[in-house]
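> next come a sequence and a model predicted from it.
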Amino acid sequence: MYVVAIDQGTTSTRCIVFDRRGQLVSVAQREHQQYFPRPGWVEHDAMEIWRNVERLAPRLGVQPDQVAAIGITNQRETTVLWDRRTGVPISRAVVWQDTRTDSLVQKLAATPGAERVGELSGLPFATYFSGPKLRWLLDSRPGLAERAERGEVLFGTMESWLIWNLTGGPNGGIHVTDVTNASRTMLMNLETLQWDDELLAFFGVPRAMLPEIHSSAEVYGHAVTAFPGVKIGAALGDQQAALFGQTCFHPGEAKCTYGTGSFLLLNTGTEPVRSTHGLLTTVGYKIGSDAPVYALEGSIAITGSLVQWFRDQLGLITTAPEIETLARTVDDNGGCYIVPAFSGLFAPHWRSEARGVIVGLTSYITKGHLARAVLEATGWQTREVVDAMNADSGLALKTLKVDGGMTADNLLMQFISDVLDVPVVRPMVAETVSLGAAYAAGLAVGYWPDLEGLRQNWHRAAQWLPSMDPVIRAEEYDNWQRAVERTLDWIKPRR
């Protein structure tokens, strides 16, 4: 018997089969189209994503009767509305990176009672989260809010959309979410783990359109298509799934996933830690009826997608791995820094009006220096988040567990170890997001007995140790921080 993870990501959807040792057995993947209809707008076709899941299932080489459970992990905050009767999305999904709600967020933040939103939800006002996207969508069409009030229109993040379709869609589909995804909406109370009346009233969101909130690991129902008859046993937002897959089960353990964006999560135990340094307080995971485990999160919007921009928009490389080769043609950044505030700045700044800059340009700068500055941007953004995390938690980070596609870049991983001044460790199984979803689903059906058994599956594949001169580290970090200042107040509010 196996466990299948459906990893619905920002650029593609993957289905991965894992065995009892947490080893990858087979994988199938399909990319989906990215839509950029206006500056700052990012959209996905939710029907295309669902069709991709249906197409991937037969390519895994396992039969439904060989699968103990399905776990789903997803790009968080991406928001989709659909018609309950037909199952057709109302519009394209609004992706987590999308900044169209910028003026709405500013308006909401200035509304009386706005300070209660952070207290109840653990989140700052930002375009990142689902609640403002949902409000924008409801305002985008006449009569849509009234239909939502009547329960004719459903809201979900991508795991809700997939579970609803897997379990029958218009013909009896189950409309649920889990605590990790719900904690990213600005609509869930962090203490009660339920939709909060005060928050729903503040954002003007009808309760009738919202999914039921469940734990991260329990049997939600059975699939009737794609994997007919198989139990759906878990749902976790992708970064919480990576925390789980990295077996960060004890307070003080942290991981960073380096993908399109990068996300550093620190397990803070069964009590939420309120951030005063620009981090998010979020639910790490909740296994069945066990107490929830909370996390502090530093969300960085642009890391891997900066490499993609360097490749696709500038054409300076032809494949993403080439950036390491190009960066190694020089010894340093030549005094050049790139701050990729393409979607504003996320943690720890939360400045939606910021925009990207390249500073320190001289005639000396080559594309090698630019390549190095692209990689270093990920390192320095990680450093900003770790500094905030240490300050909030009262803990000093001792080791950083890493995963995601960018961890294949040895130059980058060494740079991150250097700027953090701690060891950076990569596990044998790089697919920790999918593995976390598989682990949670396996726990829900008894495929794995307990958390300790999962820890025994974790093995180190690579480690990088810090070697940078502390004086250089301090000087370079100061330069980076001065570069960040240049990004601020770029977009002026419309009068």
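Structure's in. What do you need?
> what is the burial count for the closest residue to Thr319 other than its chain neighbours?
Using CB to CB, 6 or more residues apart in numbering and skipping the chain neighbours, the partner closest in space to Thr319 is Arg311 (7.1 Å). Placement of C-beta: from N, CA and C, glycine included. Counted with other CB atoms under 10 Å, the neighbours of Arg311 add up to 17.
> before we move on, what about Asp489?
Count around Asp489 with other CB under 10 Å applied: 11.
> helix, strand or coil: sort out it for me.
Following DSSP: H, G, I helix; E, B strand; the rest coil, Asp489 is assigned to coil.
> which is the next helix or strand following the worst-scoring helix or strand of the chain on mean pLDDT?
Lowest by mean pLDDT, DSSP states H and E among the helices and strands of the chain is helix 451-455, with a mean of 86. Counting by DSSP states H and E, the next helix or strand C-terminal to helix 451-455 is strand 460-464.
> list the contacts of that following strand.
Contacts with strand 460-464, where a contact means CB atoms under 8 Å, 6 or more residues apart in numbering, come from Asn410, Met413, Gln414, Ile416, Ser417, Pro423, Val424, Val425, Arg426, Pro427, Met428, Ala430.
> neighbour-wise, give me the winner out of these.
Of those, with other CB under 10 Å as the count, Ile416 tops at 30 neighbours.
> so what's it closest to, chain neighbours aside?
Per CB to CB, 6+ apart, closest to Ile416 is Gly379, 4.8 Å.
> alpha carbons only: can I get the helix or strand containing Leu306 in CSV?
For Leu306, the host element (DSSP H and E) is helix 304-312. Taking C-alpha atoms only, helix 304-312 is exported to CSV below (Å, rounded to 0.1, in the frame of the first residue of the first chain):
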residue,chain,number,x,y,z
GLY,A,304,12.9,31.5,-7.4
SER,A,305,10.7,33.7,-9.5
LEU,A,306,13.5,36.2,-9.6
VAL,A,307,15.7,33.6,-11.3
GLN,A,308,12.8,32.9,-13.7
TRP,A,309,12.6,36.7,-14.5
PHE,A,310,16.3,36.7,-15.1
ARG,A,311,15.9,33.8,-17.5
ASP,A,312,12.6,34.7,-19.3
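> quick check: buried residues in that helix?
Within helix 304-312, the residues that count as buried by 16 or more other CB atoms under 10 Å are Gly304, Ser305, Leu306, Val307, Trp309, Phe310, Arg311.
> of the residues you listed, which is the nearest to His277?
Of all those, Leu306 has the smallest distance to His277: 23.9 Å, by CB to CB.
> find me the pLDDT at the closest one, would you?
For Leu306, the model assigns a pLDDT of 94.
> any idea how far it lies from Ser160?
30 Å (CB to CB, to the nearest Å).
> so which elements touch the longest helix belonging to the chain?
In the chain, with assignment by DSSP state H, the single longest helix is helix 367-393. If you count contacts as 3 or more CB pairs under 8 Å, 6 or more residues apart in numbering; DSSP states H and E, helix 367-393 packs onto strand 254-258, strand 262-269, strand 293-300, helix 304-312, helix 322-327, strand 337-339, helix 410-420, helix 470-485.
> tell me which of the ones you listed sits most buried.
strand 254-258 (a mean of 27; mean count of other CB atoms under 10 Å).
> I'd like to know how many residues surround Lys347.
I think there's a mix-up here, since residue 347 is Ala and not Lys. 26.
> also the one 3 residues further on?
Other residues near Trp350 number 19, with proximity taken as other CB under 10 Å.
> still on that earlier bit, want to throw the buried residues of helix 304-312 into a markdown table with distance to Gly113?
What follows is the buried residues of helix 304-312, written out as a markdown table (distance: CB to CB, whole Å):
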| residue | distance to Gly113 |
| --- | --- |
| Gly304 | 38 |
| Ser305 | 35 |
| Leu306 | 37 |
| Val307 | 41 |
| Trp309 | 39 |
| Phe310 | 43 |
| Arg311 | 45 |
